[in-house]
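> Dropping the sequence and predicted coords here.
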There are 2 protein chains.
Amino acid sequence: MPIRMSDRDVTKAPAIDALSDTLPPLERISHDTLAMRVHRGMRDMLMTGQVQPGQKLTLRGLAGALGTSLMPVREAVHRLAVEGALEALPNRTIRVPVMTKSRFRELRTIRLALEGLAVETAAATFSAAALPGMAKLNAVFGRSLERRRPDYAEAFRANKEIHFTVYEAAGMPQLVTMIESLWLQIGPVLYMSMLTRAKERAQSPARDWHEALIQALRDHDAAAARAALEGDLMSAGDHILAEGDLPD
Amino acid sequence: MPIRMSDRDVTKAPAIDALSDTLPPLERISHDTLAMRVHRGMRDMLMTGQVQPGQKLTLRGLAGALGTSLMPVREAVHRLAVEGALEALPNRTIRVPVMTKSRFRELRTIRLALEGLAVETAAATFSAAALPGMAKLNAVFGRSLERRRPDYAEAFRANKEIHFTVYEAAGMPQLVTMIESLWLQIGPVLYMSMLTRAKERAQSPARDWHEALIQALRDHDAAAARAALEGDLMSAGDHILAEGDLPD
DNA sequence: TTCCTTGATATGTGATTACATTATACGTAG
DNA sequence: CTACGTATAATGTAATCACATATCAAGGAA
């Protein structure tokens, strides 16, 4: 189905004030471009590992699947390549990057530096008002994995939101952007590891690390917050390096 | 002369060894796209502060100036926006980012984390063979600033090469990419600060910090290497924050 | 005068087309 | 049967066109 790009007429309508009561608050107009939507869609697909590593992508194939022309796809793909979520080979072909052990170790090391910095900074001023929300998210995270039929997607989302709630609190927007790019690159592996860990009925220690992190934030203890985060990243990373059978 | 893109046949040709003496080493072909060339050009312009912060750019304006169509410019501009070297406003207009004091502080903090990590890692295994080259670069750096008519461009290049020689030595390609993106963002301010510092006849302490860094690398002393780097970044940063009159 | 409307211009985005290069398959010589 | 050369198809890049939207200036009403 083709997508309507014209949403302006409503903003000029005369009885707009009357409508604003019946309608949701002016119905956020979609300043999005098609390329942005394609980008987000592909980002989510990649982040949740719904596309095989090493798989080659073609612009025409994607455009056909999405029902658009080459242009928005091209822009989205190029952007993902710059962000490291896709790989632009010198042959001018695009593929989903393969995660090697060494690349994974490097990314983990960088994450420790950047996300460690973020939690340290956030710990100093972390608002007590945000603590209950964090605890609730961690409860959701644990429960969705303990179900008889675990909801991995929900667990992944909760985990991501726990982390980024802290990162955002650091008040360093540029840092958050860089961390997001890192998550985009390790996302697929992270998601897969949750599945395998759950399948072997192994209790993930992540929930406890999150608990420790929340406690450290409550105490404004920067060192403890960093330690909790490092425990989280290292334990998940060790599991992936051991069981994930990454190439290399 | 049109460029041959097929180099496969020649590699199999029999008399290739004979040719390699008469011809330059097979004359590296340019696998570049127009967009890549535009990107590099704009990157260098931005890095050396040749465009005013806050200035709005138009695709058609750039395309006209460069003699190409919109397409390559579009791709280059979008890429620079993702890298943080340009800013894509919600109005869909593009402008050169303005460096505020707070943004500068944030970027410096991130640089300390990332470049600190890089020098620490590099210190462990830094090759003694690379030390003379570093020292020579530092000499070039110092001399080009001490001249009667200082060569700022040369000093900037030497400084950049000193730093990235170390970063490359860490063997973490992803990290180097991220640091490059950071330099792209602070590049203009850094370049300008060199000019002002030189104009006030103030001796830059950067050369001494570089010396300390080289010595630490020679000793494989990770802590000392990080300390030297931090000294370099902090001293330059303090000067910029004090004299650079950044907004905010 | 001030604020809003209105029209014209400019600009970014998306679609279509053309083209150079690369990948693949087929056929032929050895 | 293998290896190389050739032809066909596929793909990314670039140029051009079309259009919705943003920007800005002029004009008119309160």
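Thanks, I have the structure now.
> could you say what helices and strands the helix ranked longest in chain A packs with?
Using DSSP state H, we find that the single longest helix of chain A is helix A:173-199. Counting contacts by 3 or more C-beta pairs under 8 Å, 6 or more residues apart in numbering or on different chains; DSSP states H and E, the secondary-structure elements packed against helix A:173-199 are helix A:34-47, helix A:101-125, helix A:152-169, helix A:222-243, helix B:101-125, helix B:173-199. (Each C-beta comes from the backbone N, C-alpha and C, glycine too.)
> hmm, 10 Å instead?
Helices and strands in packing contact with helix A:173-199 are listed as helix A:34-47, helix A:101-125, helix A:131-146, helix A:152-169, helix A:222-243, helix B:101-125, helix B:173-199; criterion 3 or more C-beta pairs under 10 Å, 6 or more residues apart in numbering or on different chains; DSSP states H and E.
> what element comes up after it heading to the C-terminus?
Under the assignment DSSP states H and E, the closest C-terminal helix or strand after helix A:173-199 is helix A:206-218.
> quick one: buried residues of that following helix?
Of the residues in helix A:206-218, those with enough neighbours to count as buried (16 or more other C-beta atoms under 10 Å in any protein chain shown) are A:206-210, A:212-214, A:216-217.
> Now pLDDT too, for those residues, in CSV please.
Rendered in CSV, the data for those read as follows (pLDDT from 0 to 100):
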residue, pLDDT
A:206, 92
A:207, 93
A:208, 95
A:209, 97
A:210, 97
A:212, 98
A:213, 98
A:214, 98
A:216, 98
A:217, 98
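> Between the helices and strands packed on helix A:173-199, which one is closest to residue B:95.
Evaluated with C-beta to C-beta, the helices and strands packed on helix A:173-199 place helix B:173-199 nearest to residue B:95, the distance being 13.1 Å.
> Check the offset of the closest one from the chain's centre.
A distance of 6 Å separates the C-alpha centroid of helix B:173-199 from that of its chain, computed with C-alpha atoms, centre = their mean, to the nearest Å.
> How about stretch A:164-175?
Stretch A:164-175 sits 14 Å away from the centroid of its parent chain (C-alpha atoms, centre = their mean).
> Between the two ends of that stretch, how far is it?
11 Å (C-alpha to C-alpha, to the nearest Å).
> Would you quantify the distance from the nearest residue to residue A:211 once chain neighbours are set aside to residue A:98?
Across the structure, with C-beta to C-beta, 6 or more residues apart in numbering or on different chains as the measure, the residue nearest residue A:211 apart from its sequence neighbours is residue A:138 (6.5 Å). Using C-beta to C-beta, to the nearest Å, residue A:138 is found at 32 Å from residue A:98.
> Among the two, which residue is more densely surrounded?
Set side by side, residue A:138 and residue A:98 give different neighbour counts by other C-beta atoms under 10 Å in any protein chain shown, the larger being at residue A:138 (21 against 14).
> what angle do the longest helix of chain A and helix A:152-169 make?
Put simply, helix A:173-199 runs at 150 degrees to helix A:152-169, going by axes from the mean of the first three to the mean of the last three C-alpha atoms, to 10 degrees.
> List the buried residues of helix A:173-199.
Within helix A:173-199, judged by 16+ other C-beta under 10 Å, the buried ones are A:174-176, A:178-179, A:181-194, A:197-198.
> again, but for stretch A:49-57
Within stretch A:49-57, the residues that count as buried by 16+ other C-beta under 10 Å are A:49, A:53, A:57.
> closest to residue A:121 among those residues?
Sorting those by how near they are to residue A:121, with C-beta to C-beta, puts residue A:49 at the top with 30.3 Å.
> Tell me if I'm right that residue A:154 and residue A:147 touch.
Yes - Residue A:154 is within contact range of residue A:147, at 9.3 Å (criterion: C-beta atoms under 10 Å).
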